[in-house]
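Engineer: build the 3D model from these lines:
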Amino acid sequence: GGSPIVAEAEARRLAALTSETRSLGYVVIRRQQFEEGIAFDDAELEAFFNEHQADYRAPEKVDVSYLELTVEGLMQDIEIDEVDIADYYQTQRATFVQEERRNVNHILVQVAQDAPESDNEAARSKLAELAERARAGEAFDDLAREYSDDLASQAEGGETGAFPRGVMEPAFEEAAFGLAEVGDISEPVRTKFGWHLMRLKEIEPEVVKPLDEVREEIERTLAREIAEEEFFAMAERVDAPVFENPETLQVAADELGLVVKTTGLKSRDELLAMFAPITVEAVFSEDVLEAGLNSLPIDDRDDRIVVVRVSAHEAERPQTLDEVRELVVARLMRENTTEAAQTLGEALIQQMEEGVAAETAAEQAGLDWTEVENANRRSTEVTRAVLREAFGLRPAEEGSRYAGMTLGSGDYAVIALHDVTRIDPAEVTD
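Structural biologist: This next block holds a predicted model:
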């Protein structure tokens, strides 16, 4: 590791940097305000379109016919007998048990894990005193509201909500499950958070879920078991009809009781949303795309086998202006309005640099100027991009420094940095 003195100096420098504040003013000029009154005639659209033709191409598309064998699909047709459901419920009864759960109210006194013994002693005696008050009749949840350091449960009177074993800190859980009756109060218990005192609010005993509650789950489990066996048996029968009739999927579909599905015309990216990459590769392979043959069966994923063939193919091609007119109009509109916002922003900056007050210049342009005193790097009242820019500006020798920037949205921000409050790293205290 490096020298501790250097590390400390670096930490102080960082602390000074994060505690730096800046007073600034800004206005965001929305590009949308310039949309009204802008229109493009056909000649403008055509000129722009011709210049950017390379940006407007229709991707290669294929219409894929396919057979799909899935465990999920086979499950749809499987009827499960009531007797089998009841048998499964009896033999697997242990899996339908909901364990005992406990709900307690607790009071936490926060103590660091490495705190001195005196802190631990103080926490224990405070809790012992609160336990006495509770046993003498004061409401435990009121005491928790007043004295607990656990902000998450304090307002609910320290109530944890019902929990089974294996969820809470081991020592906390041990104490909660060690209380015999509702109303019992524990001894103070140490966890990594500090010291806890708890009162048992309720016990939800272990229960076996009734058959009606788990019937659907059992039905799915049994249907899946049968479907998986069918799936593996059918998987072995797919190869022959697909291979022996390479120019149609119908023979294989009839033999296996499947339906030939189609995707409609889709690009490679659209197909990737429907199939695994290995399947899409097969679609665009020479045998399938060029020769028009069936693919071999493909393990698209663990429980899905597909066979594909291409029934129609469109090569990549330039699009026509009519196809993309709306996109071209939107892009031209964005470019024009972004430029208009920037032009206005730069004019405002020029006025401000010539001595016109920022509020006045903004108001004359129909905009609201915002002033922010002492913003730090994490201030939420200023747009992130504006804040970043403001903290990157060098302060002016005198007066304010003005700057402008185009935001990701195409809007334009004008920023005035008034002053910077820096702390000398040497003065940073721990």
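
Engineer: pLDDT below threshold where in the chain?
Structural biologist: For the chain, applying pLDDT under 70 flags the ranges 1-6, 11-17, 423-430.

Engineer: how about the contacts made by the residue of it most remote from its centre?
Structural biologist: If you look at how far each residue of the chain sits from its centre, by CA atoms, centre = their mean, the farthest one is residue 136, at 49.5 Å. By CB atoms under 8 Å, 6 or more residues apart in numbering, residue 136 lies in contact with nothing. C-beta here means a position set from N, CA and C on the backbone, and glycine is covered the same way.

Engineer: and what of the one 4 residues further on?
Structural biologist: Residue 140 makes contact with 105, 107, 134, 157-158, 185, 199, according to CB under 8 Å, 6+ apart.

Engineer: may I ask which of the residues you listed has the most neighbours?
Structural biologist: Neighbour count (other CB atoms under 10 Å) singles out residue 107 as the most crowded of the contacts of residue 140, with 29 neighbours.

Engineer: can you tell me the element the closest residue to residue 255 other than its chain neighbours falls in?
Structural biologist: Nearest residue to residue 255 in three dimensions, chain neighbours excluded: residue 241, at 5.0 Å (CB to CB, 6 or more residues apart in numbering). Assigned by DSSP states H and E, residue 241 belongs to helix 211-244.

Engineer: quick check: buried residues in the helix or strand just after that helix?
Structural biologist: Using DSSP H and E, the helix or strand that follows helix 211-244 in sequence is helix 250-256. Within helix 250-256, the residues scored as buried using 16 or more other CB atoms under 10 Å are 252-253, 256.

Engineer: list the contacts of helix 250-256.
Structural biologist: With CB under 8 Å, 6+ apart, helix 250-256 has contacts from 67, 69, 234, 237-238, 241-242, 244-245, 258-260, 294, 307.

Engineer: if we use 7 Å, what do you get?
Structural biologist: Applying CB atoms under 7 Å, 6 or more residues apart in numbering, the contact partners of helix 250-256 are 67, 234, 237-238, 241-242, 245, 259-260, 307.

Engineer: one more: stretch 376-388?
Structural biologist: 18, 21, 26, 28, 372, 375, 391, 407, 413, 415.

Engineer: now the two most distant members of those.
Structural biologist: 18 and 28 (25.4 Å; CB to CB).

Engineer: neighbour count winner among these two?
Structural biologist: residue 28 (20 against 12).

Engineer: and the next helix or strand past the helix or strand hosting that one?
Structural biologist: Using DSSP H and E, residue 28 sits within strand 21-29. Per DSSP H and E, strand 21-29 leads on to helix 42-51 as the next helix or strand towards the C-terminus.

Engineer: what residues sit buried inside that following helix?
Structural biologist: Applying 16+ other CB under 10 Å to helix 42-51 flags 45, 48-49 as buried.

Engineer: so residue 224 makes contact with residue 75?
Structural biologist: Yes: between residue 224 and residue 75 a contact is recorded at 6.1 Å, counting by CB atoms under 7 Å.

Engineer: can I get the helix or strand hosting residue 310 in CSV? Just the C-alpha atoms.
Structural biologist: Using DSSP H and E, residue 310 falls within strand 304-314. Extracted in CSV, the C-alpha atoms of strand 304-314 (Å, rounded to 0.1, in the frame of the first residue of the first chain):
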residue,chain,number,x,y,z
ARG,A,304,-37.1,-26.2,-26.8
ILE,A,305,-36.1,-27.8,-30.1
VAL,A,306,-36.8,-26.0,-33.4
VAL,A,307,-36.5,-26.8,-37.1
VAL,A,308,-36.5,-23.8,-39.4
ARG,A,309,-36.8,-23.1,-43.2
VAL,A,310,-37.0,-19.8,-45.1
SER,A,311,-40.2,-19.3,-47.0
ALA,A,312,-39.5,-15.7,-48.2
HIS,A,313,-36.4,-13.5,-48.3
GLU,A,314,-35.9,-9.8,-48.9
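
Engineer: helices or strands up against that strand?
Structural biologist: strand 61-70, helix 211-244, strand 261-267, helix 277-283, strand 298-301 (3 or more CB pairs under 7 Å, 6 or more residues apart in numbering; DSSP states H and E).

Engineer: strand 304-314 and the longest one, what's the angle between them?
Structural biologist: Right, the one you point to is helix 211-244. Here helix 211-244 points in a direction 50 degrees away from that of strand 304-314 (axes from the mean of the first three to the mean of the last three CA atoms, to 10 degrees).

Engineer: now residue 103, what's its secondary structure?
Structural biologist: Following DSSP: H, G, I helix; E, B strand; the rest coil, we place residue 103 in the strand state.

Engineer: coming back round to it: deepest-packed of the helices and strands packed on strand 304-314, please.
Structural biologist: Of all the helices and strands packed on strand 304-314, strand 61-70 has the most neighbours on average by mean count of other CB atoms under 10 Å, namely a mean of 20.

Engineer: buried sites along the next helix or strand after that strand?
Structural biologist: Downstream of strand 61-70, the first helix or strand assigned by DSSP H and E is helix 71-75. Counting neighbours by 16+ other CB under 10 Å, one finds that the buried residues in helix 71-75 are 71, 74-75.

Engineer: can I get helix 71-75 as PDB, trimmed to CA atoms?
Structural biologist: Extracted in PDB, the C-alpha atoms of helix 71-75 (Å, rounded to 0.1, in the frame of the first residue of the first chain):
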ATOM      1  CA  VAL A  71     -41.900 -29.000 -22.700                       C
ATOM      2  CA  GLU A  72     -44.300 -26.000 -22.000                       C
ATOM      3  CA  GLY A  73     -46.200 -26.700 -25.200                       C
ATOM      4  CA  LEU A  74     -46.600 -30.500 -24.400                       C
ATOM      5  CA  MET A  75     -47.800 -29.600 -20.900                       C
END
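
Engineer: so which elements touch that helix?
Structural biologist: Applying 3+ CB pairs under 7 Å, 6+ apart, one finds that helix 71-75 makes contact with helix 211-244.

Engineer: ok, back up a step: now the angle from the helix holding residue 241 to strand 61-70?
Structural biologist: Going by the same axes, to 10 degrees, helix 211-244 makes 120 degrees with strand 61-70.
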